[in-house]
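K.L.:
Just a sequence and a predicted model for now, questions to come.
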Amino acid sequence: MDIGWLESFLALVEHGSFTRAAEAQHVSQPAFSRRIRALEIWFGEPLVDRSTYPVSLTPAGVKVRAGAIETVAAIGAVRDEIRGRQRAPRGAVRVAVTHTLATTFFAQWWARCGEQGPVPCVLLPSNTLDAYDALFHGGCDLLLAYADPSLPLSIPVADVEWMVLADDVLAPYTSVRDGQPGFALPGTAARPVPVVTHSQGAFLGRVTERVLADRDLHLAPVAQSDFTSGLAALIGAGLGVGWLPARLVSAELAAGTLRQTGDASLTARLEIRLYRVPSDKMPSCAAAIWHRAAELAMTDS
C-alpha cells in the first residue's frame, strides 16, 4: 500500500474525473490511472465505475473512501507531530467547515461563541460531502455547512442533530462596468448569456441545477469550478453570470462592482446549519460551543 494511492483516490472522488484529478495532483493521466488501478488491485475490487461521468463509486469504493479520509488524516497528523509541526491549541474544538463558509461566516460567528474570550479551535475546510464524512467518522466535533431545505442531502440524518444558525440566498450575479451590468438574464437563442458554473457534483452546483430546472434561459457555459471564491472572481472579471451565495459577495454588492440579475424565481434560500453526532464522548468544549450556538441562534431569530 502506498499512501499516495489513497490521496489520488480521494482526489478522484473530489473532482469526479481522471483528467481533472490528475491535473490537480500535477501528474500525467496515465500515471494517475495506474495509481487508482494499483489501489483496486490491492483491495481486490473495482472502486470506481468508469462508465459514468462524473465517475461514481462502487459499493467497495464507498467503504474505501470513508477509510481513506481517516487514514490520510491520521498519517498526516502523526507525520506533523513527529516533525514538530503540530501546533494545535490544547483542548481545541475541531470544526469541519465548507470552503465558502470558512471565508465568509465562520470567523465572526466563532468569535461570538466565546463568552469568556476566544475558544481554541482547529478549522478544517472541506467540500460538503467530505465534511459530512469527517463528522460521521470522528474526524471533527462539529460541522458547519450550507443546506438547501428543498434538496435534502443523501445522508443518515437520523444519526445527527442540527440547528439553523443563519440564512443565505443563492442568486445569479453579473459584473458592473461604468454603472451598467455586464450581462442580463434570460438571454436569447441568438445571444445566450455566458455563465460560469459549479459542477453538478458540487453542493452549490446541485442547488443551481434545481433552480434552473424548467426555466427558459439561454446560457452558454464558459467556465466551471467547484471553488466558489474562484467563480466569484471570474464573475467580477466580466466573464459571465454565475450563481453565488449573497454573503460571499456582500462587499462587492456594497461597492457596486457586482449586481444581481434575473428575477426572484432564479434564487434559492440556503440555511447555514451546525451539525453534531450525539455522543456521550463529545468533548466538553465542543458541547459548550453547541449550547452557546443554540443561544445565539435563538437571539438572532
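P.N.:
Happy to help now that I have it. Numbering: from 1, shown residues only.
K.L.:
residue ranges for the helices of the stretch 1-150 of the chain, please.
P.N.:
Using DSSP state H, counting those that start in this stretch, the helices of the stretch 1-150 of the chain run over residues 3-15, 18-24, 29-43, 59-82, 99-104, 106-113, 128-136.
K.L.:
Using PDB, write down the CA coordinates of the longest one.
P.N.:
The one in question is helix 59-82. C-alpha atoms of helix 59-82 as PDB (Å, rounded to 0.1, in the frame of the first residue of the first chain):
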ATOM      1  CA  PRO A  59     -20.100  -0.100  -3.100                       C
ATOM      2  CA  ALA A  60     -16.500  -1.100  -2.300                       C
ATOM      3  CA  GLY A  61     -15.300   2.400  -3.300                       C
ATOM      4  CA  VAL A  62     -17.800   4.000  -0.800                       C
ATOM      5  CA  LYS A  63     -16.300   1.900   2.000                       C
ATOM      6  CA  VAL A  64     -12.700   2.700   0.900                       C
ATOM      7  CA  ARG A  65     -13.500   6.400   0.700                       C
ATOM      8  CA  ALA A  66     -14.500   6.600   4.300                       C
ATOM      9  CA  GLY A  67     -11.500   4.700   5.500                       C
ATOM     10  CA  ALA A  68      -9.100   6.700   3.200                       C
ATOM     11  CA  ILE A  69     -10.200  10.000   4.700                       C
ATOM     12  CA  GLU A  70      -9.400   8.800   8.200                       C
ATOM     13  CA  THR A  71      -6.200   7.100   7.200                       C
ATOM     14  CA  VAL A  72      -4.700  10.000   5.300                       C
ATOM     15  CA  ALA A  73      -5.700  12.500   8.000                       C
ATOM     16  CA  ALA A  74      -4.300  10.200  10.800                       C
ATOM     17  CA  ILE A  75      -1.000   9.500   9.000                       C
ATOM     18  CA  GLY A  76      -0.600  13.300   8.200                       C
ATOM     19  CA  ALA A  77      -1.200  14.100  11.900                       C
ATOM     20  CA  VAL A  78       1.400  11.600  13.000                       C
ATOM     21  CA  ARG A  79       3.900  12.900  10.500                       C
ATOM     22  CA  ASP A  80       3.300  16.500  11.600                       C
ATOM     23  CA  GLU A  81       3.700  15.600  15.200                       C
ATOM     24  CA  ILE A  82       7.000  13.700  14.600                       C
END
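K.L.:
pLDDT of it, averaged?
P.N.:
Confidence over helix 59-82 (mean pLDDT, whole number) is 81.
K.L.:
that older thread, possible to save the helices of the stretch 1-150 of the chain as a markdown table with mean neighbour count and distance to residue 286?
P.N.:
C-beta coordinates here come from the backbone N, C-alpha and C atoms, glycine included. Converted to a markdown table, the helices of the stretch 1-150 of the chain look like this (neighbours: other C-beta atoms under 10 Å; distance: least, C-beta to C-beta, whole Å):
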| stretch | mean neighbour count | distance to residue 286 |
| --- | --- | --- |
| helix 3-15 | 20 | 25 |
| helix 18-24 | 18 | 32 |
| helix 29-43 | 16 | 34 |
| helix 59-82 | 15 | 18 |
| helix 99-104 | 20 | 18 |
| helix 106-113 | 15 | 11 |
| helix 128-136 | 21 | 12 |
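K.L.:
would TSV of those helices with distance to residue 196 be doable?
P.N.:
Listed next are the helices of the stretch 1-150 of the chain as TSV, based on distance: least, C-beta to C-beta, whole Å:
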stretch	distance to residue 196
helix 3-15	17
helix 18-24	16
helix 29-43	25
helix 59-82	28
helix 99-104	15
helix 106-113	25
helix 128-136	19
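K.L.:
wait, which of those is closest to residue 182?
P.N.:
helix 99-104 (22.5 Å; C-beta to C-beta).
K.L.:
contacts for the closest one?
P.N.:
The contact list for helix 99-104, computed with C-beta atoms under 8 Å, 6 or more residues apart in numbering, reads 123, 125-127, 144-146, 204, 227-229, 245, 247-248, 272.
K.L.:
still on that earlier bit, quick one, which of the helices of the stretch 1-150 of the chain gets closest to residue 166.
P.N.:
Nearest of these (C-beta to C-beta): helix 106-113, 7.9 Å.
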